[in-house]
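S.K.: Just a sequence and a predicted model for now, questions to come.
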Amino acid sequence: MGLFDFFKKKESTPQEQEALNTGLEKTKENFFSKITKAVAGKTTVDDEVLDELEEILVTSDVGVTTTLKIIERIQARVAKDKYLGTSELNNLLRDEIQQLLAENNSSDFQHFEYGNHKPYVIMVVGVNGVGKTTTIGKLAHKLKQAGSKVVLGAADTFRAAAVDQIQLWGQRVGVRVVAQPMGSDPASVAFDTLKSAVANNEDVVIIDTAGRLHNKVNLMNELTKIKNVMQKVVPDAPHEILLVLDASTGQNAIEQCKQFTQATDVNALALTKLDGTAKGGVVIGISDQFKIPVKYIGVGEGVNDLQLFDRKGFVDSLFKQ
C-alpha cells in the first residue's frame, strides 16, 4: 500500500471504531445524560425541549452559531412532521449533525487524493501544548506503515525541548529528522529538510513550526518566510498546512483556529485529546464555522491512536447507546 492509498478513506477497522467509541465516552456521557434529563416526562419536542437542547449543545462546545443552525433544522423537521416525539429526538439530532459534517467536509477522504506530489510537504502549525509534535510523530508512523519514506524537519527552534521531542519521535518510529541548533532560523531548517528529501527521493516531508500564538503579523511573517523558502526547493510547497488543536480546550480551540486561519492558509485540521474530554462537540463547531476538513483525530496516547477522521464513524460513535 502506497502513500496515496493511505489517504484514501477506507472503512474503519473494528479496532479503530472501538478506539473511537472509547475516546468519545466522556463526551457521550455528558451529552446524553443531559438530553435524557431534558426530555424526562415529555412526549413531544416542544419549545421547552428545544431550549434545553440548545443549552446542551452550547455547553458541549458545539458553539452558538452551529447550535442555532442545528436547532433551526430540527424546528423545521418538527413543524413538518407533527407526530415527532421525544423518543425520536436522538435520531433527529444525529441526522442533522451528520448532514452538517457532510456539508462542511467537502474534501472528505472518501474521494480525496494528493495527486503526484513528491515529496508531499506538510507544514504543521499550532500553539504549544496541543499535541503538535506528538501528532507529527504518530502521522509519520502511519505514513511509514503505509510504505512511504518520511523525513521530519525540526523547525521549532525556539524551544530546545521541541527539537529534542521530535528527534525522540523520529527514533521511536524510525524516520529521519533534520535539525539545527536551538535558535537557528526555522526557514533554514525547512529549506535543508526539503533539499535532503529531494536528494534522498523521500515521499513525505513534515515540518514542525514554533507553537507560539504571538502577534498575528509576526506569526504571519514567520510562516510566510518558511513557505517562501520551501518553494525555492519544491515550487508548490507546502501542499498541506495542518493546524493541530486540542479538543479538550473547547472554545479556546475555536479561537486558535481563528487566529491561525487569519495568519496562514490552513487547509487541514487535526483535533487531539478527544479521549480525555467531554468537549468532543467542538469537532462539529469547528467543521461548521471554518469549512476546513478535520483530517485527523487523536483518541489516545498510543502511537496508533491517530485516526483519519470519518464523519459517519464519528457520529455513529457519538450516538452509540
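M.R.: Now that the structure is in, tell me what you want to look at. Just so you know, these numbers come straight off a predicted model, no measurement behind them. Numbers count the residues shown, from 1 in each chain.
S.K.: Stretch 292-303 - what's its average pLDDT?
M.R.: In this model, stretch 292-303 carries a mean pLDDT of 86.
S.K.: end to end, how far does that stretch reach?
M.R.: Here the two ends of stretch 292-303 are set 25 Å apart, with distance taken as Cα to Cα, to the nearest Å.
S.K.: Report the buried residues of it.
M.R.: Neighbour-count burial for stretch 292-303, counted by 16 or more other Cβ atoms under 10 Å, picks out Ile292, Pro293, Val294, Lys295, Tyr296, Ile297, Gly298, Val299, Gly300, Val303. Quick note: C-beta positions are derived from backbone N, CA and C, even for glycine.
S.K.: I'd like those as TSV, with secondary structure and distance to Met230 appended.
M.R.: Formatted as TSV, the buried residues of stretch 292-303 follow (DSSP: H, G, I helix; E, B strand; the rest coil; distance: Cβ to Cβ, whole Å):
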residue	secondary structure	distance to Met230
Ile292	coil	21
Pro293	coil	22
Val294	strand	25
Lys295	strand	20
Tyr296	strand	22
Ile297	strand	27
Gly298	strand	26
Val299	coil	31
Gly300	coil	32
Val303	coil	27
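S.K.: would you list those residues in a markdown table and tack on distance to Val178?
M.R.: Converted to a markdown table, those look like this (distance: Cβ to Cβ, whole Å):
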| residue | distance to Val178 |
| --- | --- |
| Ile292 | 28 |
| Pro293 | 28 |
| Val294 | 29 |
| Lys295 | 24 |
| Tyr296 | 23 |
| Ile297 | 28 |
| Gly298 | 25 |
| Val299 | 29 |
| Gly300 | 28 |
| Val303 | 21 |
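S.K.: What is the nearest of these to Lys273?
M.R.: Taking Cβ to Cβ as the measure, Lys273 lies nearest Gly298 of the buried residues of stretch 292-303, at 6.0 Å.
S.K.: Check which helices and strands the one helix or strand Ala190 maps to sits against.
M.R.: Per DSSP states H and E, Ala190 falls inside helix 186-199. Under the contact criterion of 3 or more Cβ pairs under 8 Å, 6 or more residues apart in numbering; DSSP states H and E, helix 186-199 touches strand 150-154, strand 176-178, strand 204-208, helix 216-230.
S.K.: Can you check which of these gets nearest to Lys144?
M.R.: strand 150-154 (5.6 Å).
S.K.: Given that closest one, what are its sheet partners and their directions?
M.R.: Applying DSSP bridges, strand 150-154 is found paired with strand 176-178 (parallel), strand 204-208 (parallel).
S.K.: Pull out the buried positions in the longest one.
M.R.: Same thing as strand 204-208. Val204, Val205, Ile206, Ile207, Asp208.
S.K.: Show me where the stretch 101-250 of the chain dips below the pLDDT cut-off.
M.R.: Within the stretch 101-250 of the chain, the stretches with pLDDT under 70 are 104-115, 213-216.
S.K.: What are the structural domain limits within the protein?
M.R.: Domain segmentation of the chain under automatic domain parsing yields 16-104, 114-312.
S.K.: Including distance to Leu318, could those go into TSV?
M.R.: Conversion of the domains of the chain to TSV gives the following (distance: least, Cβ to Cβ, whole Å):
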stretch	distance to Leu318
domain 16-104	6
domain 114-312	7
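S.K.: quick one: contacts for Gln167?
M.R.: Neighbour list for Gln167: Ala154, Val177, Ala179 [criterion: Cβ atoms under 8 Å, 6 or more residues apart in numbering].
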